[in-house]
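Peer 1: Next one to model:
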Amino acid sequence: DQSLFVRAAVNDVIREGVIAAALTALMILLFLGSWRSTVIIALSIPLSVLASLAALSALGETINLMTLGGLALAVGILVDDATVEIENVHRQMATGKPLEDAILDGAREIALPAFVSTLCICIVFVPIFFLTGAARHLFVPLAEAVVFAMLASYLLSRTLIPTLVLWFYRNAGLYTAHAPPAAGMPDPEWETGGTLIRKREVARSSRWMGPFTAVQVLFERGFQSFRDGYRHLLSALLHHRVGFSTGFLVFCAASWLLYAELGHDFFPAVDGGQIRLHLRARTGTRIEETVRLADAVERVIREEIPAEEIAGMLDNIGIPTSGIALSYSNSGLIGTGDADILVSLREGHGPTSDYVRRLRARLNREFPGTLFYFLPADIVSQTVNFGLPAPFDIQILGRDQVANRALAARLAERIRSVPGAVDV
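Peer 2: Below you'll find the model as predicted:
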């Protein structure tokens, strides 16, 4: 069931959006103490995503794994423009300016820096548009989803966000940086440098906001202590800048040593909860014997994978009956001794790669003379492999079949000596 991946991608985008909105809301509540700002910024996420979808639709793209992956990647940074806009407007409001002047001045000050910041993120994806072949069809939709969402976020921060600020704050009352403290609250606890607190809004809040206000005040105290500690640390580093710079550069250079220890791959592994095993019995094996061999292999699979994790198991044995030529098959079914076994795992299963590794070792040990290799089972691996049965597919062409077979055998033997090479 390849729809599992599409549903998972949709759920990932929704989950990322909810997490980003929740974390951003918490940040705004803690730093600005404003539920109005929280609502405004939370609205920017779905609107930016919808704008990106509209642009993708205009270009003829669809909602697929790559576009949804791009949206999931962009969701976490969509709130940047709106957050900076809100904070700067608050800073202007704290100086005592009228609301409209504060909004205009705040938007004008950060228009160019925010635009440059947005372009810096978008320009990273420009080289993707120069790809060719299958890679272009894979990654260009992802890049378009991210770029359109980022541009939409910037446009919303310049247009809709200021409008919402004007609408939400029209009756909220302004505050100044030197406004008198609220009753029972000493002024030094509320003056925290660049962190702005809307004192009048807090003072006018209802009783049910009392616990939230207390938490926010405690956070302000803790954050002020953090600011003071950071200031002292930065001052010490500036006084010893030569030693700190040298140590930092040594640390960066030493980090390059980790490069040799990291694995290399064309595409990150995807645990789709599916295993596709191909077996090939000895040449001339009757289909009845292949059926019995497949049953024996199934018993081994059920012993290695817990029964509660197996959702289903399907066997395709012998030459498939189809109007499509066998040359287009990616499993290698060429006779009655071939079989494909597809295993579907339930949600919450163990790592599929661990099961594959154990099955590969046990099957080759218990069934000598039978060839086993694992095929790409999920839609992502099949797409990345471009329809081939393995990530590496080597073809030998020549008129001398005997020489071709001998060359293929020697080449396969050399490939088997490569660390990490399996199913050769």
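Peer 1: Contacts only, for the most centrally placed residue in the chain.
Peer 2: A centroid search over the chain (CA atoms, centre = their mean) returns L73, at 5.2 Å, as the residue closest to the centre. Under the criterion of CB atoms under 8 Å, 6 or more residues apart in numbering, the neighbours of L73 are 142, 146. (Each C-beta comes from the backbone N, C-alpha and C, glycine too.)
Peer 1: Return the per-residue confidence for it.
Peer 2: We have a pLDDT of 79 for L73.
Peer 1: I'd like the next helix or strand past the helix or strand hosting V356.
Peer 2: For V356, the host element (DSSP states H and E) is helix 352-366. Moving toward the C-terminus from helix 352-366, the next helix or strand (DSSP H and E) is strand 371-375.
Peer 1: Quick one: the strands in this protein, in order.
Peer 2: 274-280, 310-317, 338-345, 371-375 (DSSP state E).
Peer 1: May I have the strands that pair with the last one, each with its orientation?
Peer 2: Strand partners for strand 371-375, identified by DSSP bridges, are recorded as strand 274-280 (antiparallel).
Peer 1: need the strands of the chain in JSON lines with mean pLDDT, distance to M66 and mean neighbour count, can you?
Peer 2: Rendered in JSON lines, the data for those read as follows (pLDDT from 0 to 100; distance: least, CB to CB, whole Å; neighbours: other CB atoms under 10 Å):
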{"stretch": "strand 274-280", "mean pLDDT": "87", "distance to M66": "20", "mean neighbour count": "21"}
{"stretch": "strand 310-317", "mean pLDDT": "85", "distance to M66": "26", "mean neighbour count": "14"}
{"stretch": "strand 338-345", "mean pLDDT": "87", "distance to M66": "24", "mean neighbour count": "20"}
{"stretch": "strand 371-375", "mean pLDDT": "85", "distance to M66": "22", "mean neighbour count": "17"}
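Peer 1: Output these as CSV; include the columns distance to P162.
Peer 2: As requested, the strands of the chain are exported to CSV (distance: least, CB to CB, whole Å):
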stretch, distance to P162
strand 274-280, 49
strand 310-317, 52
strand 338-345, 50
strand 371-375, 55
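Peer 1: who's in contact with the residue nearest to A296 when sequence neighbours are not counted?
Peer 2: Nearest-residue entry for A296: F367, 7.5 Å, with adjacent residues in sequence omitted and distances by CB to CB, 6 or more residues apart in numbering. Contacts for F367 were tallied using CB under 8 Å, 6+ apart; they are 279, 293, 296-297.
Peer 1: is it true that V343 touches I310?
Peer 2: Yes: contact between V343 and I310 holds when scored by CB atoms under 8 Å: they sit 6.6 Å apart.
Peer 1: low-confidence ranges in the stretch 301-424 of the chain?
Peer 2: Applying pLDDT under 70 to the stretch 301-424 of the chain flags the ranges 320-333, 379-380, 383-387.
Peer 1: burial count for T118?
Peer 2: For T118, the count of nearby residues is 20 (other CB atoms under 10 Å).
Peer 1: Quick check, pLDDT for it.
Peer 2: Among the per-residue scores, T118 shows a pLDDT of 89.
Peer 1: and if you look at the one 10 residues further on?
Peer 2: At I128 the predicted local distance difference test score is 89.
Peer 1: Apart from its chain neighbours, what residue comes closest to it?
Peer 2: For I128, the closest residue by CB to CB, 6+ apart turns out to be A143, at 4.3 Å.
Peer 1: pretty sure the one you found contacts G70?
Peer 2: Yes: under the criterion of CB under 8 Å, A143 makes contact with G70 at 6.8 Å.
Peer 1: more crowded one of the two?
Peer 2: Neighbour totals were compared for A143 and G70, and G70 leads with 25 against 21 (other CB under 10 Å).
Peer 1: ok, the more buried one to A8 distance?
Peer 2: With the distance defined as CB to CB, to the nearest Å, G70 ends up 15 Å from A8.
Peer 1: Which elements pack onto the helix holding V356?
Peer 2: Using 3 or more CB pairs under 8 Å, 6 or more residues apart in numbering; DSSP states H and E as the contact criterion, the neighbours of helix 352-366 among helices and strands are strand 274-280, helix 287-304, strand 371-375.
Peer 1: Adding distance to V356, write the ones you listed out as CSV.
Peer 2: As requested, the helices and strands packed on helix 352-366 are arranged in CSV below (distance: least, CB to CB, whole Å):
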stretch, distance to V356
strand 274-280, 6
helix 287-304, 10
strand 371-375, 6
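Peer 1: mind checking which of these is nearest V242?
Peer 2: Each of these was scored for nearness to V242 using CB to CB, and the closest is strand 371-375 (55.9 Å).
Peer 1: Now do the closest one against helix 287-304, angle only.
Peer 2: Put simply, strand 371-375 runs at 60 degrees to helix 287-304, going by axes from the mean of the first three to the mean of the last three CA atoms, to 10 degrees.
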